[in-house]
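Q: have a look; sequence and predicted model below, questions after that.
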Amino acid sequence: MNMNRFVRHYAKRIPLSDAAVEFLRKHGKVQQHEQLVHFRMPDMRMPYWCVILEGMACGYTLDAKGYRRIRWFAMEMQGFTGVRHLYTPKPSEQYIQFTERTTILRIPALRMREGKERFPEINELLHVMKQQYINQQDKLVSVLQQPTTYGRFAEFMRQFPDLARRTTSEQQMDFINMGHSQFFGVRRLWLRQH
């Protein structure tokens, strides 16, 4: 897979100049990663901006007891970075793992920062992708603020139907912060009602 799909997808929303497309092609590299491979771990330096062309990735942390807490998922045409943001080389404390066989477009963070400053359309593209992330986080807050475990699971199914179809039970539990017995109990109840 090449980056043409990415360019076509975003060109529907944001007219990309030939110079901006050439910049992305020049500095971008398409990579394939197998399922469950880590893109980065907290002790790794990965100063890249990436977009999922095909597949899915997640970002997670481990708590003091070693329990995984998934913070976000990125699906097709959604982005993630191996640094906190484009203006710092400081790595985040998250693990980034591919949850499916995944193809990404990877661009060095410094080059993407340059592209953002040189091309208004790349700047806008980054804003669109940041808004996608914010929207996902807003939905997750809506899920996590439900007062009951059943409410949390039902809201997850309502807010994230595509994610629910593509993730394992364990990934869902780690995303909506629910224990094993609670999760399977409320899922069974929800499935009876739907």
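A: Arrived safely. Given the structure is predicted, the values throughout are model-derived calculations rather than measurements. Residues are numbered from 1 along each chain as shown.

Q: domains in the protein, by residue range?
A: Following automatic domain parsing, the chain resolves into domains at 4-133, 146-188.

Q: could I get the average pLDDT for the shortest one?
A: Read it as domain 146-188. Averaged across domain 146-188, pLDDT comes to 97.

Q: center of the chain, which residue is that?
A: The residue lying closest to the centre of the chain (Cα atoms, centre = their mean) is residue 74, at 2.2 Å.

Q: nearest to residue 139, out of the domains of the chain?
A: Across those, residue 139 has its closest neighbour in domain 146-188 (4.2 Å, Cβ to Cβ). Backbone N, C-alpha and C define where each C-beta goes, glycine included.

Q: how long is that closest one end to end?
A: In domain 146-188, first residue to last residue: 18 Å (Cα to Cα, to the nearest Å).

Q: and it, how far out from the chain's middle?
A: How far domain 146-188 lies from its chain's middle: 18 Å, per Cα atoms, centre = their mean, to the nearest Å.

Q: least confident of the domains of the chain, on average?
A: For the domains of the chain, mean pLDDT drops lowest on domain 4-133, to a mean of 92.

Q: ends of that one, what's the gap?
A: Across domain 4-133, first to last residue, Cα to Cα, it's 23 Å.

Q: start at 59 instead
A: Done: numbering now begins at 59, and the last item shifts to domain 62-191.

Q: ok, the residue nearest to the centre of the chain touching residue 138?
A: Yes: counting by Cβ atoms under 8 Å, residue 138 is a contact partner of residue 132 at 4.8 Å.
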